[in-house]
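Asker: based on what follows, work out the 3D shape:
(chains A and B)
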Amino acid sequence: GAVVSQHPSWVICKSGTSVKIECRSLDFQATTMFWYRQFPKQSLMLMATSNEGSKATYEQGVEKDKFLINHASLTLSTLTVTSAHPEDSSFYICSATGGVKGSPLHFGNGTRLTVT
Amino acid sequence: DQQVKQNSPSLSVQEGRISILNCDYTNSMFDYFLWYKKYPAEGPTFLISISSIKDKNEDGRFTVFLNKSAKHLSLHIVPSQPGDSAVYFCAASGRSGGSNYKLTFGKGTLLTVNP
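Answerer: Presented below is the predicted three-dimensional model:
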């Protein structure tokens, strides 16, 4: 089946620094990638939708200047958490679709971000 | 406003018995529903889906039932196995007009299958 690779799987950073998370589709071209965030015992909350070659569409309440998304190719999207703060500590998950109607989203394994 | 609700945070079932996971939704624009299974520190894995034009979809031990009038769907797992123990997320989308879609997730139900 389709594989989505996310890297790193976990990262610890100091407050004020920036962290980049990569999401790659390994065996299909991902026309659209989604970034989710999950807090403990909560559902996956959609942060933004990115289409290859265009600006990401952010959900209400998500700061686009803080969570920078780049989808420069059909196989790679990156999420950069800028000037991270402890409240940004969370589990970030990307997903991708090749745009084929009826095909489910495929998810990466997620990135556990801890900001100290 | 939680558009997709999984009101049972946890469910415990004996091996071999049926597991029934429930999900309710409020947005009548949703027309495609999916179930994902998630282990700790991993991304969700797609299990089964159903379009709003159907009321049942079956794949091996997994069956999803959709009751549009009640805005309710359920996932049946039979027979349940210890390896099914995981968090199950119900998700919904409205895909009118396009093949790209975004999902709205419920909070998940932790299923524990006891040997």
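Asker: quick one: A:Tyr36 from chain B, how far?
Answerer: Going from A:Tyr36 to chain B by CB to the nearest CB, to the nearest Å gives 8 Å. Using the backbone N, CA and C atoms, a C-beta is placed for each residue, glycine as well.
Asker: that residue: what's it in contact with?
Answerer: A:Tyr36 sits next to A:Leu44, A:Met45, A:Leu46, A:Met47, A:Tyr92, A:Ile93, A:Cys94, A:Ser95, B:Phe105 when contact means CB atoms under 8 Å, 6 or more residues apart in numbering or on different chains.
Asker: just the residues you listed now: which is nearest A:Gly53?
Answerer: A:Cys94 (17.2 Å; CB to CB).
Asker: now the residue nearest to B:Gly94 when sequence neighbours are not counted: how far from chain A?
Answerer: The shortest distance from B:Gly94 to any non-neighbouring residue, by CB to CB, 6 or more residues apart in numbering or on different chains, is to B:Met29 (4.2 Å). From B:Met29 over to chain A the distance is 16 Å, taken as CB to the nearest CB.
Asker: assumed B:Met29 was part of a strand.
Answerer: No: secondary structure of B:Met29 (DSSP: H, G, I helix; E, B strand; the rest coil): coil, not part of a strand.
Asker: name the helix or strand of chain A that has the lowest mean pLDDT.
Answerer: The weakest-scoring helix or strand in chain A, judged by mean pLDDT, DSSP states H and E, is strand A:106-107 (a mean of 86).
Asker: around the residue nearest to B:Gly94, how many other residues sit close by?
Answerer: Look at B:Met29: counted by other CB atoms under 10 Å in any protein chain shown, it has 11 neighbours.
Asker: find the nearest non-adjacent residue to A:Arg112, please.
Answerer: A:Trp10 (4.2 Å).
Asker: what about that neighbour, how many neighbours?
Answerer: Using other CB under 10 Å: A:Trp10 sits among 11 other residues.
Asker: B:Gln14 now?
Answerer: 12.
Asker: and A:Cys23, by the same measure?
Answerer: The burial count for A:Cys23: 28, using other CB under 10 Å.
Asker: beta partners of it?
Answerer: A:Gln6, A:Ser77 (DSSP bridges).
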